[in-house]
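**Q** Predicted model and sequence below, questions to follow.
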Amino acid sequence: MPTTLITGTSRGLGLEFVRQYAAAGWTVLACARQPTASVELAALAASHSSKVRLLTLDVGDHAAIERTARELDSMPIDVLLNSAGIMGSGSFATEGVAFGRFGHSDFADWERVFRINVIAPMKMAEVFLGHVASSEQKKIVTLTSMLGSVALNRIGGLYAYRASKAAVNAMMKSMAIDLAKSHGIAATAIHPGWVRTDLGGPRADIDAPQSVSGMREVIAALDLSRVGRYWVYDGSEMPW
């Protein structure tokens, strides 16, 4: 069975990806800053002991990423899934677009958001390139957001988060072009929908199981003819 390495698995979409891929029989390398501190993640690992391996990884720590890659040696990774992400030191779920409004920028927080949402997926892709290239499926997926769409921005606000997701979209577009040519790797970004998680809040449209189930279908169908596009969890496309 194939192998996936997933970041940000202690809760939310990352946790649900672990649950669904493990149930489907995949080998799952579940990365989190404190994996054993997540009761649900630890329980998943215990119930799928032959399939789920917990890895301690802070994606903001580049040395830790490199160390994890060395620990995994040349293990093939079919799907490298960058699920970890943050909105910053505030909450869209409780503040709405008032969070991150103009004139209230915390630029240290901007740097943290970009380090996790943009730089970390790039670092993961570069460090784990050999692992993905040696696999059968050869896929790199990064979760984005519709808030990164310039075309769909009608309400403004959320500056740091929007900017980080627009940046990661541009990054994954270039990665799709470059890695398809150099290694036959299919790379793309996927919008998970507005999901009822700690990030999305309780009023969001869909739950994590629906979002992840849809994204897994998009990932399963991903090939070199479908890369470099702005995919949505339901298989539709979004304007840049």
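**A** Sure thing, it's come through. Bear in mind that the values here come from a model prediction, so they are computed numbers and not experimental data.

**Q** contacting residues around residue 210?
**A** Contact analysis of residue 210 by CB atoms under 8 Å, 6 or more residues apart in numbering lists 193, 233. Quick note: C-beta positions are derived from backbone N, CA and C, even for glycine.

**Q** Could you check how far it is from residue 231?
**A** 16 Å (CB to CB, to the nearest Å).

**Q** count of residues packed around the nearest residue to residue 196 once chain neighbours are set aside?
**A** Nearest in space to residue 196, with sequence neighbours left out and distances taken as CB to CB, 6 or more residues apart in numbering, is residue 204 at 4.4 Å. Counted with other CB atoms under 10 Å, the neighbours of residue 204 add up to 16.

**Q** Check the one 3 residues further on too.
**A** By the criterion of other CB under 10 Å, residue 207 has 15 neighbours.

**Q** Can you give me the pLDDT of the most centrally placed residue in the chain?
**A** What sits nearest the mean C-alpha location of the chain, by CA atoms, centre = their mean, is residue 83, with 2.2 Å. pLDDT, residue 83: 98.

**Q** I'd say it and residue 9 touch.
**A** Yes - counting by CB atoms under 8 Å, residue 83 touches residue 9, with 7.0 Å between them.

**Q** Quick check: neighbours shared by the two?
**A** With CB under 8 Å, 6+ apart, residue 83 and residue 9 have common neighbours residue 17.

**Q** And the lengthiest helix in the chain, what's buried?
**A** If you go by DSSP state H, the chain has its longest helix at helix 159-183. For helix 159-183, burial by neighbour count (16 or more other CB atoms under 10 Å) applies to 159-169, 171-173, 175-176, 179-180, 183.

**Q** Phi, psi for residue 49 please.
**A** Here is the backbone geometry of residue 49 (degrees, to the nearest 10): phi -60, psi -30.

**Q** Tell me where the protein has helices.
**A** With helices called from DSSP H, the chain shows them at 12-23, 39-47, 62-71, 92-95, 107-114, 120-127, 129-133, 159-183, 208-221.

**Q** just those helices: most buried one?
**A** helix 12-23 (a mean of 24; mean count of other CB atoms under 10 Å).

**Q** measure the nearest residue to residue 205 once chain neighbours are set aside to residue 3 for me?
**A** Of all residues not flanking residue 205 in the chain, residue 194 sits nearest, at 4.6 Å (CB to CB, 6+ apart). Distance, residue 194 to residue 3, by CB to CB: 30 Å.

**Q** Those two: who's more crowded?
**A** Between residue 194 and residue 3, counted using other CB under 10 Å, residue 3 has the larger neighbour count: 22 against 17.

**Q** Read off the pLDDT value for the nearest residue to the more buried one once chain neighbours are set aside.
**A** Distances taken as CB to CB, 6+ apart put residue 27 closest to residue 3, at 4.2 Å, once the chain neighbours are dropped. pLDDT recorded at residue 27 is 98.

**Q** Give the bridge partners for the nearest residue to residue 79 once chain neighbours are set aside, please.
**A** Spatially, and ignoring its direct neighbours in sequence, residue 79 is nearest to residue 4 (4.2 Å; CB to CB, 6+ apart). Residue 4 forms beta bridges with residue 28, residue 79, as assigned by DSSP bridges.

**Q** quick one: residue 4 and residue 81 touch, right?
**A** Yes - using CB under 8 Å, residue 4 is in contact with residue 81, at 5.7 Å.

**Q** Show me the common contact partners of those two, please.
**A** residue 17.
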